[in-house]
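Enquirer: Give me the fold of what follows.
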Amino acid sequence: MAIQTPTRSTSAMEHDDDVRSGRPSSRYLDEPPRGSGGLLGWIGVLALAAGAIGIGAYIVINRDQPSVASTDRAKAGEATTDSQDRSRNKAALPVNVITPRKGGMARSTTQPGTLHAFQYADLFAKASGYLRAQVVDIGDTVEKGQLLAEVYDPERQQAVELAAAEVERSKTAVEQAVAMETAAEAEVTAALATVDVKKTEISQTAAIRRFREKEYIRYMELARHQAVDQRVADEKQEEYEGAKAAEEKAHASVKAAEADLARDRALVLTAKANVSHARAQVRVAEATLAQANILVQYTRILSPYTGVVTQRNFHDGDFIREAIRADEAPILSVARTDLMRVVVYLPDRDTPYVDRGDPAVVRIDALGGEQFKGKVMRYAEIEDPANRTMRTEIDLPNPTGRLRMGMYGAVSILLEPPTDFLTIPSKALHEVEAGAGFVYSAHAGRAHKRRIRIGRDDGILVEVIEGLTLDDQVIVGYTGSLQDGEPVDAAPAEGIEKAK
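Expert: As a prediction, the model looks like this:
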């Protein structure tokens, strides 16, 4: 015969739940007692209520300790534990969440910077004398090449006049040398003609000598045969000897003429050398004149570029000494103002990433933080070992002259553009070590511990290289402690901030 299990009513089940939760049963508080009624019914109700209150107090006091029944169930091998019961009954922890943002962080640096004139110069005199004609003062705008002041030095002006006269004298000497060269060349031409004439005379005298020789021989034969008188033969002999001497004289004359030709040619070479020497003297005189003019120019102080006068140390009539000592004060100082250079010193951690052309923003304190855009134009390539910083310069156009030497402000340089990684607030990151850490994400009403790889971290935002997606709900704020798997009540961080 089958044993039927008694079926419990819904009211009885609600009563059991009330007992376990520690609150009085609504059935007995709200409904009038049934049964015999009267005093006994009310006594029963009160007894049940007292029992329920006691049970509830016992549960509250002992909720963190295992009950005897649970210990028995564990010994019996039951799968359910008391910690799981507490987790189901524990209230969800309110947390604030955000979703990762697309786009990684740009690498930038912000350092103090100081404005310098792009060019500036202290102007000295390289001549001693009295200052005169100083036409500018501090704050005056000047143009490149403009005369600013002049030193009176008459000795230098006199040296210019002497050098100019020497140039004229040396040019005249050149003309004389050229004329002598021409005359020497003419003498050579005449000597050549004389040599030719003398050589012709040799031919004539040789012909006469041969004729006289034949005539002498013929008359000697006639005289031997007594055909003519011996005296006639002797006369022919004398004529032959004279012709022979004339021929020898003609040969000597040719040699003399050739010697004169050689002498005249030497005179031509000498004349040419004299011309070259005279022309060299002209160049020396001209160089001396140029040097004298340069020395005179040292008495004139010119502006090296367009800018403004920033310093003046002398007045008209002051005696100016030639600037040969380091302690000499400049007559004037001029600074170029149409272009400024911002000098900033980058720390060691930023120097590997700076490049020429990196965009920069300069905020000038004296102008209320007004921003001026420029680019990195140059850097020192080496760090100062004293402070481990590298000098870096940014050029800023200054057409209106608002930027002035000595101003300073914050300089922000974009060293590297943003990456394609995700970013989250740095406060969401826990236990960072060796480029990794973990965050808590909210999913299905519970907190989940997620390990991630990180990149750049500026203390406000951190790059997430691996471990999160755009759909993840990252916990960034909560009160108390948070454990993996703990129930959470997630709310957007922005919404909570607006509510506050």
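Enquirer: Wait, G467 touches R453, no?
Expert: Yes - A contact is recorded between G467 and R453 when judged using C-beta atoms under 8 Å, the distance being 6.0 Å. Yep, even glycine has a C-beta here, placed from its N, CA and C like the rest.
Enquirer: Among the two, which residue is more densely surrounded?
Expert: In this view G467 and R453 are compared by other C-beta atoms under 10 Å, and G467 has more residues nearby, 18 against 15.
Enquirer: roughly how far apart are that one and P100?
Expert: Distance of G467 to P100, given as C-beta to C-beta, to the nearest Å: 10 Å.
Enquirer: T189 too?
Expert: Between T189 and P100 the computed distance is 106 Å (C-beta to C-beta).
Enquirer: Spatially nearest residue to V97 (excluding sequence neighbours)?
Expert: Closest residue to V97 apart from its sequence neighbours, by C-beta to C-beta, 6 or more residues apart in numbering: Q473 at 4.2 Å.
Enquirer: isn't that neighbour right next to A490, touching?
Expert: Yes - taking contacts as C-beta under 8 Å, Q473 lies within contact range of A490: 5.9 Å.
Enquirer: Give the residues shared as contacts by these two.
Expert: Both Q473 and A490 are in contact with V97, A442, where contact means C-beta atoms under 8 Å, 6 or more residues apart in numbering.
Enquirer: picking up where we left off before, tell me the contacts of the residue nearest to V97?
Expert: Contacts for Q473 were tallied using C-beta under 8 Å, 6+ apart; they are V97, I98, T99, S441, A442, H443, A490.
Enquirer: Could you rerun that using 7 Å?
Expert: Taking C-beta atoms under 7 Å, 6 or more residues apart in numbering as the criterion, Q473 is in contact with V97, T99, S441, A442, H443, A490.
Enquirer: circling back to that earlier point, more neighbours: which of T189 and P100?
Expert: P100 (23 against 12).
Enquirer: I'd like to know how far the residue located most distally from the centre of the chain sits from A233.
Expert: The C-alpha centroid of the chain is most remote from Q226, which lies 124.4 Å away (C-alpha atoms, centre = their mean). Using C-beta to C-beta, Q226 is found at 11 Å from A233.
Enquirer: and what of L162?
Expert: Where A233 is concerned, L162 sits at a distance of 85 Å (C-beta to C-beta).
Enquirer: Would you mind telling me which of those two has the busier surroundings?
Expert: Using other C-beta under 10 Å, the more surrounded residue of L162 and A233 is A233, with 19 against 13.
Enquirer: In three-state terms, how would the residue lying closest to the more buried one once chain neighbours are set aside be classified?
Expert: For A233, the nearest residue in space outside its immediate sequence neighbours is A223; the separation is 3.8 Å by C-beta to C-beta, 6+ apart. A223 falls in the helix class when you classify it by DSSP: H, G, I helix; E, B strand; the rest coil.
Enquirer: Could you check how far A223 is from L295?
Expert: Here A223 is placed at a distance of 97 Å from L295 (C-beta to C-beta).
Enquirer: How about R224?
Expert: With distances defined as C-beta to C-beta, the gap from R224 to L295 amounts to 99 Å.
Enquirer: So which of these two has more stuff around it?
Expert: Set side by side, R224 and L295 show more neighbours around L295, with 17 against 11, by other C-beta under 10 Å.
Enquirer: ok, back up a step: could you measure the residue nearest to V97 against I424, distance?
Expert: When distances are taken as C-beta to C-beta, Q473 and I424 turn out to be 11 Å apart.
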